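> Let me see the structure of the following:
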Amino acid sequence: MGHGKAFTFLAVVSCLSAGADADVYKCTDDNGGLKFQDSECAADEEAEIIDLEQLTGGLSVISKRSANRVNNAHFDKGLEFWKPGRNPQAFRWIGDDGHEKGGALAVQSMPPDNPEKRVIYEAVMSQCVKLDMGRRYRFAASFRPMGQYKSRHANRVNLSWYQSEDCSTKGQFANYLEPEPAKSGWQRIVHEHRLRSLNSRAALITIVQSRTDGNGQMAVWDDIELTPTEIESATDRKQAVDRRLTLPAGQNYIRNGDFRSDMNSWRYSGDTEWIAYEGGYAPGAARLAISSDNGGFGAYNLSQCVNIGASKEFQAGARIKVDPESTQEGGGIFRLSWYEEEDCRGRSQAGFKEDRVENIDGWQDLSIDRIEAPPNARSANIYMTRGVNDSGQFAFFIDDIFFRAVAE
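Numbers count the residues shown, from 1 in each chain. Here you go, the predicted structure:
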């Protein structure tokens with residue numbers, strides 16, 4: 001989209017956001033000055049009605065009533081549009097104690113009687129919102145504590161992108177808002193320019209209070225916001241395919257997948273090292289370890305980005321061996337994500353397929369078959385995560401990683 005068209009579009013969006021339901025007029029005065037309005041131009045101005053369909057390249061227009069995609073964001077209509085989840089009794093509407101003295105959402109959950117390890121206890125309220133043409137969004141909310149919170153994880157608003165319009169399938173976590181626990185009074189939590197996931201059609205906004213960290217204290221939420229800050233043009237979806245990057249079916253896109261002598265071409269974090277004394281089909285592998293002094297957790301990646309060219313269907317795999325010197329059980333997840341630009345840049349989309357490490361002896365094969373690339377994907381990130389179940393160390397060796405196209 002050129003600068004002139006982009007300016008025109010943003011001007012029209014501004015006009016629509018003010019609350020217009022009628023046509024949008026482009027008015028030009030005798031000096032060439034332009035303005036956009038939702039009422040007819042003056043008699044001495046040249047008038048033109050904007051063709052919204054042509055201007056937006058066929059994409060749907062942001063809601064004329066408000067750029068904020070959240071319905072009943074200020075809770076002026078009670079809890080309309082908001083869906084209760086776990087422990088719905090913890091939520092209630094308050095009509096005169098909101099951020100601007102209007103409505104708000106109060107949450108006060110009770111601690112579990114006998115909490116178990118690795119079980120999440122929380123109260124949940126959510127809303128699924130459809131997305132229009134936004135590429136980046138402002139994600140924000142207003143919060144006021146009504147008690148004393150020691151943990152910043154006690155209250156949170158989560159954001160997830162979904163491929164389905166009703167937030168039922170193919171979702172991926174995106175971001176969260178956490179208030180400062182020791183701050184009194186209203187606070188505004190804002191994350192600017194959140195990049196929407198590739199091919200997502202809806203967003204799930206989830207208001208959560210931890211029953212274990214909340215300690216039975218009340219909190220109030222208001223002004224929930226998901227507003228476009230950057231608009232997607234039709235050309236954003238048409239990045240050219242560089243066919244020179246296409247490899248023949250069966251050829252491995254992964255570089256140094258056999259770890260023959262080093263960790264070259266790989267990105268990694270945590271306790272990760274190249275070792276020579278183990279290997280799948282030949283000596284040389286990567287050892288991935290994770291340790292904990294207090295309970296289980298998962299973290300750290302081993303990953304590689306590959307440009308896929310014109311290939312559309314793939315299979316991926318790796319060989320794994322749990323280190324017998326591990327002092328605790330754990331696991332690992334082998335998966336991938338897609339990107340709209342080469343070198344894993346731009347918006348991403350989860351692969352939605354995976355395979356997992358088992359706690360068994362000897363070498364095991366992980367595989368993901370029939371992987372279809374989205375039409376607008378230009379690269380893929382193949383990665384392995386790890387986790388430990390409780391205090392101690394879990395480690396495994398990984399070798400012979402492949403990602404290859406299959407014949408169509």
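
> for stretch 158-175, what is the average pLDDT?
Averaging pLDDT along stretch 158-175 gives 96.

> Please point out which parts of that stretch sit buried.
Going by neighbour count (16 or more other Cβ atoms under 10 Å), the buried part of stretch 158-175 is 158-163, 167, 170-172, 174. No exception for glycine: its C-beta is placed from N, CA and C like everyone else's.

> Same list, those, but as JSON lines with secondary structure and distance to Lys130 please.
Converted to JSON lines, the buried residues of stretch 158-175 look like this (DSSP: H, G, I helix; E, B strand; the rest coil; distance: Cβ to Cβ, whole Å):
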{"residue": "Asn158", "secondary structure": "strand", "distance to Lys130": "18"}
{"residue": "Leu159", "secondary structure": "strand", "distance to Lys130": "14"}
{"residue": "Ser160", "secondary structure": "strand", "distance to Lys130": "14"}
{"residue": "Trp161", "secondary structure": "strand", "distance to Lys130": "12"}
{"residue": "Tyr162", "secondary structure": "strand", "distance to Lys130": "10"}
{"residue": "Gln163", "secondary structure": "coil", "distance to Lys130": "12"}
{"residue": "Cys167", "secondary structure": "coil", "distance to Lys130": "9"}
{"residue": "Lys170", "secondary structure": "coil", "distance to Lys130": "15"}
{"residue": "Gly171", "secondary structure": "strand", "distance to Lys130": "14"}
{"residue": "Gln172", "secondary structure": "strand", "distance to Lys130": "17"}
{"residue": "Ala174", "secondary structure": "strand", "distance to Lys130": "16"}
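
> Out of those, the closest to Lys77 would be?
Comparing those against Lys77 with Cβ to Cβ places Cys167 closest, at 20.4 Å.

> OK, contacts around the closest residue to Leu245 other than its chain neighbours?
In space, not counting the residues next to it along the chain, Leu245 is nearest to Gly309; the distance is 3.6 Å by Cβ to Cβ, 6 or more residues apart in numbering. Residues in contact with Gly309 (Cβ atoms under 8 Å, 6 or more residues apart in numbering) are 241-247.

> before we move on, what SS does Gln89 have?
Under DSSP: H, G, I helix; E, B strand; the rest coil, the three-state class of Gln89 is helix.

> Also Glu100?
Using three-state DSSP as the criterion, the local structure at Glu100 reads coil.

> element containing the nearest residue to it once chain neighbours are set aside?
Distances taken as Cβ to Cβ, 6+ apart place His74 nearest to Glu100, at 7.3 Å, with adjacent residues excluded. Using DSSP states H and E, His74 sits within no helix or strand.

> was I right about His74 contacting Gly95?
No - counting by Cβ atoms under 8 Å, His74 does not reach Gly95; the two are 11.6 Å apart.

> what is in contact with the two at once?
By Cβ under 8 Å, 6+ apart, His74 and Gly95 have these common neighbours: 102-103.

> Can you point out the buried residues in stretch 104-122?
For stretch 104-122, the buried set under the neighbour-count rule, 16+ other Cβ under 10 Å, comprises 104-109, 121-122.

> Name the nearest of the residues you listed relative to Gly147.
Gly147 has its nearest neighbour among the buried residues of stretch 104-122 in Gln108, at 8.4 Å by Cβ to Cβ.

> for that closest one, what are its contacts?
Contacts of Gln108 by Cβ under 8 Å, 6+ apart are 90, 146, 209, 214, 216-219.

> what's the answer for Ser265, then?
Ser265 makes contact with 254-256, 304, according to Cβ under 8 Å, 6+ apart.

> hmm, back to that, could you export the buried residues of stretch 104-122 as JSON lines, including distance to Glu325 and secondary structure?
Listed next are these as JSON lines, based on distance: Cβ to Cβ, whole Å; DSSP: H, G, I helix; E, B strand; the rest coil:
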{"residue": "Ala104", "distance to Glu325": "54", "secondary structure": "strand"}
{"residue": "Leu105", "distance to Glu325": "50", "secondary structure": "strand"}
{"residue": "Ala106", "distance to Glu325": "51", "secondary structure": "strand"}
{"residue": "Val107", "distance to Glu325": "46", "secondary structure": "strand"}
{"residue": "Gln108", "distance to Glu325": "48", "secondary structure": "coil"}
{"residue": "Ser109", "distance to Glu325": "42", "secondary structure": "coil"}
{"residue": "Tyr121", "distance to Glu325": "35", "secondary structure": "coil"}
{"residue": "Glu122", "distance to Glu325": "37", "secondary structure": "strand"}
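
> thinking again about what came up before, and the buried ones among the contacts of Gln108, selectable in ChimeraX?
Remark: buried members of these, expressed as a ChimeraX selection using 16+ other Cβ under 10 Å:
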select :90,209,214,217,218,219
